[in-house]
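Engineer: Would you be able to build a 3D model of this:
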Amino acid sequence: MSVIVLMMAMMCSGCCAGDILQKLGGLEQFSQFTSLLKSTEGLHLAHLDSFVTVFAPSNDAMEAFGGVKDDNLILNHMVESSISPNQLGERLTSMVRGHPTLWIRRHKRKIGSNIFINQARVLANYLLMSRTGKKQHLYLIDSVLEPLVPKERDAQDISYTRAEDLLSSNTDFSIGNFSIKTFTKRINLLGLETLPELNGFKKFTFFIPVDSAFKNLQVHLIDEEVVRAHIIPNYLLFTKPQKRRADSKPTLQYNSTRGSLSLKVMAKVSQKIVDGTTIPLAISETMVGNKQHQRGVVEARVVKGNIPVQNGIVHLIDKPLVIMSNTLAQMMDPGHKCKTRFQIFCSHLAKYPELMQKIKQTSQGTILVPTNEAFKEVSDREIDENILSLHFLDQTILTSDARIRHPEDASGMFGVHAKHLDYLDQPKVWFWKDDDKLLVEGGGVQAEVVDDVLASNGVIHSIDRVLGIPYENMLQKVSRDPNMETTFKLGQQGNFNNWVLTEDIQSTYLVPTDQAWEQARLDYPSAYEALTHGYSPYRVTHLLERHAQVGAKLSLDQLVLESVNGGGLEVTRGSPVVVRRTVENGEEVITVGVDGVM
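Structural biologist: Next up is the predicted model:
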């Protein structure tokens, strides 16, 4: 707006020179909005001859606006009463169906008006009179007030839209070419959709990442603390007035922090100039970090800002705030981001560039990193690529993974193939819950997950054992494995478990799982009862001896070769056991049998 127009506006403020259309007709720099008022059919035409307040955007504002210019846009610039500057409170209600809020703010300025309607600065105001003698007010503004309206014009139940309504019915509102489904689903999964701040009537600033923000970032990085850090209570932070050194405000997360060492996040709306264009920004400042979120600053672009809702203002942003996660590969780089407690694993991994390259290429991965203490316990053993590969899975498996909490496998476990191993059978790594503990097994070794670290493309589970390097004797393994409980108890009846305990003799033991025993109970109830009730301990011993060979410890691959070339595994009692590898429905299946029965 030129100095001349501003001077004329200030000279004319307070005078009653015609009605609104007449006044706008003499202001060339507001001709586009004037033309829209006159050429568009709608309810606004009748209100222009009544008590009304109109906010008229400049031509520059109208040209910069890329949204729909229709009767809804006009009505969002009108209030159904005549309101002077002195009567402006904290909020007004526009005439668009659903009654969107117009937020009023006053800012100190050395020159000119200090009144803002949402993000629009008031350039001048006029007291006018309609043809029928009704008082009117006209405010000239420098930005378009875009309403939040439903996509369907005949949509119902859109009154007093709040942030929770925008999230829960995000596909029903016109928010440009953006979608916020991913963030909404994450909030629902975390059980935060009922946050009172989302559904109340106080004032908040909300930052909502759009779906494209998660193109290279996994949504599980959004936890409850991060969600709360996207809400600023008690402040309305619009993209205007533009401030280079805007003050950060405490987020909802900061306000709910307990203890001086807890995560604390502040946030603000700022701007920067890129190639002569002013870019609005949302910026978070993590003042105090924790193991998941480190201290620092995250800068996101506001891709669609100043969306008014009844409980504040919403900005759509191109990346989540707070999160500064590195990739799995960056976190495993011994010379870069590798954490101290992962140093030994990182140093071993650096010796195998092919495996490291696979980690770099993964879009969703899980790394099971033994602690330094776990490696020290097996310091006399070689850590080769096959051992390390057992610790890398090509999908993200979180502690909260539903596949672990509600496993489909009859064993009560969830298994994932370690596909990057050279082993022919691609063994599985198993996950299961034991009370509040997350346990994992791979290569015959059971470990407990003691910590988690999230990455942008996966998760790192810190475990207390090195997978693939046994640290238990056979009896310890059978006694502790949750899927071998029945076999262990049966072995207690006679002397069989004492034999298993013998460590100076190499042996191979084909252990029936609990599921196998359950099937035996269904197929042979009388025999099962006799075995489990201790009526014939010697029979239990004879039966278990049919599952064991003394004198050699054989891997699964060796068992298959023994069956192909030598007729099967010679066991302590009974006929040789044949182990075969087949493929069923694209899945590799290992079968074990005797006397031709598999």
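Engineer: how about the CA coordinates for stretch 350-358, as CSV?
Structural biologist: Extracted as CSV, the C-alpha positions of stretch 350-358 are listed here (Å, rounded to 0.1, in the frame of the first residue of the first chain):
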residue,chain,number,x,y,z
ALA,A,350,32.9,-51.5,9.7
LYS,A,351,34.9,-54.5,8.6
TYR,A,352,32.1,-55.7,6.3
PRO,A,353,31.2,-52.9,3.8
GLU,A,354,28.7,-55.2,1.9
LEU,A,355,26.5,-55.6,5.0
MET,A,356,26.9,-51.9,5.8
GLN,A,357,25.7,-51.0,2.3
LYS,A,358,22.6,-53.1,2.9
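Engineer: going forward can the numbers begin at 18, since that is how I track them
Structural biologist: OK, 18 is where the count begins now, so the last one is stretch 367-375.
Engineer: what's next to that stretch, contact-wise?
Structural biologist: 346, 349, 351, 366, 402, 405, 406, 409, 411, 437 (Cβ atoms under 8 Å, 6 or more residues apart in numbering). Yep, even glycine has a C-beta here, placed from its N, CA and C like the rest.
Engineer: pLDDT of stretch 76-96, averaged?
Structural biologist: The average pLDDT within stretch 76-96 is 93.
Engineer: can you check stretch 403-414 too?
Structural biologist: 91.
Engineer: tell me the strands in the stretch 318-467 of the chain, going along the chain?
Structural biologist: Along the stretch 318-467 of the chain, the stretches classed as strands by DSSP state E, counting those that start in this stretch are 329-334, 382-387, 409-410, 431-434, 445-451, 454-459, 462-472.
Engineer: Looking at the contacts of stretch 367-375, which are in helices?
Structural biologist: Of those, the ones assigned to helices by DSSP state H are 346, 366, 402, 405, 406.
Engineer: what's the most distant pair in those?
Structural biologist: Farthest-apart pair in the ones in helices among the contacts of stretch 367-375 is 346 and 402; separation 16.4 Å (Cβ to Cβ).
Engineer: who has more neighbours, those two?
Structural biologist: Neighbours were counted for residue 346 and for residue 402 using other Cβ atoms under 10 Å; residue 346 has more, 22 against 16.
Engineer: and that one, what is it in contact with?
Structural biologist: Contact analysis of residue 346 by Cβ under 8 Å, 6+ apart lists 373, 376, 377.
Engineer: Name whatever forms a beta bridge with residue 137.
Structural biologist: Bridge pairing for residue 137 (DSSP bridges) gives the partners residue 134.
Engineer: repeat for the one 4 residues further on
Structural biologist: Using DSSP bridges, the beta-bridge partners of residue 141 come out as residue 157.
Engineer: so residue 166 makes contact with residue 89?
Structural biologist: Yes - assessed by Cβ atoms under 8 Å, residue 166 is found in contact with residue 89 at 5.2 Å.
Engineer: what is in contact with the two at once?
Structural biologist: Jointly contacting residue 166 and residue 89 under the rule Cβ under 8 Å, 6+ apart are 113, 114.
Engineer: hmm, back to that, can I get the strands of the stretch 318-467 of the chain in JSON lines with distance to residue 269 and mean neighbour count?
Structural biologist: JSON lines is the format used below for the strands of the stretch 318-467 of the chain (distance: least, Cβ to Cβ, whole Å; neighbours: other Cβ atoms under 10 Å):
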{"stretch": "strand 329-334", "distance to residue 269": "12", "mean neighbour count": "25"}
{"stretch": "strand 382-387", "distance to residue 269": "31", "mean neighbour count": "25"}
{"stretch": "strand 409-410", "distance to residue 269": "35", "mean neighbour count": "26"}
{"stretch": "strand 431-434", "distance to residue 269": "35", "mean neighbour count": "18"}
{"stretch": "strand 445-451", "distance to residue 269": "31", "mean neighbour count": "18"}
{"stretch": "strand 454-459", "distance to residue 269": "30", "mean neighbour count": "20"}
{"stretch": "strand 462-472", "distance to residue 269": "21", "mean neighbour count": "18"}
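Engineer: Could you provide those strands in TSV, with additional columns for distance to residue 79?
Structural biologist: Output for these, formatted as TSV (distance: least, Cβ to Cβ, whole Å):
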stretch	distance to residue 79
strand 329-334	22
strand 382-387	49
strand 409-410	55
strand 431-434	57
strand 445-451	58
strand 454-459	58
strand 462-472	45
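Engineer: Does the residue nearest to residue 316 when sequence neighbours are not counted belong to a helix, a strand or coil?
Structural biologist: Ranked by Cβ to Cβ, 6 or more residues apart in numbering and with sequence neighbours excluded, the top spatial neighbour of residue 316 is residue 300, at 5.2 Å. When classified by DSSP: H, G, I helix; E, B strand; the rest coil, residue 300 comes out as strand.
Engineer: got it, and residue 516?
Structural biologist: Secondary structure for residue 516, judged by three-state DSSP, is helix.
Engineer: Next, find the distance separating it from residue 558.
Structural biologist: Noted for residue 516: a distance of 9 Å to residue 558, by Cβ to Cβ, to the nearest Å.
Engineer: follow-up on the earlier one: among the contacts of residue 346, which ones are in helices?
Structural biologist: The helices, defined by DSSP H, take in 373, 376, 377 from those.
Engineer: got the CA positions of whichever strand or helix holds residue 503 in CSV?
Structural biologist: Using DSSP states H and E, residue 503 sits in helix 502-508. Coordinates of the C-alpha atoms in helix 502-508 are reproduced here as CSV (Å, rounded to 0.1, in the frame of the first residue of the first chain):
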residue,chain,number,x,y,z
GLU,A,502,8.9,-76.2,28.7
THR,A,503,7.0,-79.5,28.3
THR,A,504,10.1,-81.3,27.1
PHE,A,505,12.2,-80.0,30.0
LYS,A,506,9.6,-81.1,32.6
LEU,A,507,9.4,-84.6,31.0
GLY,A,508,13.2,-84.9,31.1
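Engineer: looking only at pLDDT, what's the mean for that helix?
Structural biologist: The average pLDDT within helix 502-508 is 90.
Engineer: List the buried residues in that helix.
Structural biologist: Using 16 or more other Cβ atoms under 10 Å as the test for burial, helix 502-508 gives 503, 504, 505, 507, 508.
Engineer: how about those residues in CSV, adding distance to residue 263?
Structural biologist: Supplementary listing: the buried residues of helix 502-508 in CSV, determined by distance: Cβ to Cβ, whole Å:
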residue, distance to residue 263
503, 66
504, 67
505, 65
507, 71
508, 71
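Engineer: Quick check: the residue nearest in space to the middle of the chain vs residue 560, distance?
Structural biologist: Computing the C-alpha centroid of the chain and ranking residues by Cα atoms, centre = their mean puts residue 236 first, at 2.4 Å. According to Cβ to Cβ, residue 236 and residue 560 sit 51 Å apart.
Engineer: so the closest residue to residue 523 other than its chain neighbours is in which element?
Structural biologist: Spatial nearest neighbour of residue 523, chain neighbours left out: residue 570 (4.6 Å); criterion: Cβ to Cβ, 6+ apart. Per DSSP H and E: residue 570 is located in neither a helix nor a strand.
Engineer: would you list every one of the strands in the stretch 18-167 of the chain?
Structural biologist: Here the stretch 18-167 of the chain has its strands, by DSSP E, counting those that start in this stretch, at 69-74, 95-96, 108-110, 118-123, 132-134, 137-146, 152-158.
Engineer: Among the ones you listed, which comes closest to residue 452?
Structural biologist: strand 118-123 (49.0 Å).
Engineer: Neighbouring strands of that closest one in the sheet, and parallel or not?
Structural biologist: If you go by DSSP bridges, strand 118-123 pairs up with strand 108-110 (antiparallel), strand 132-134 (antiparallel).
Engineer: Could you find which two of the contacts of stretch 367-375 are furthest from each other?
Structural biologist: 351 and 411 (22.1 Å).
Engineer: of these two, who's got more company?
Structural biologist: residue 411 (18 against 15).
Engineer: Distance check, the more buried one against residue 449.
Structural biologist: With Cβ to Cβ as the criterion, residue 411 and residue 449 are 20 Å apart.
Engineer: so where is the stretch 118-267 of the chain shaky, pLDDT-wise?
Structural biologist: In the predicted model, the stretch 118-267 of the chain carries pLDDT under 70 at residues 126-130, 170-175, 260-261.
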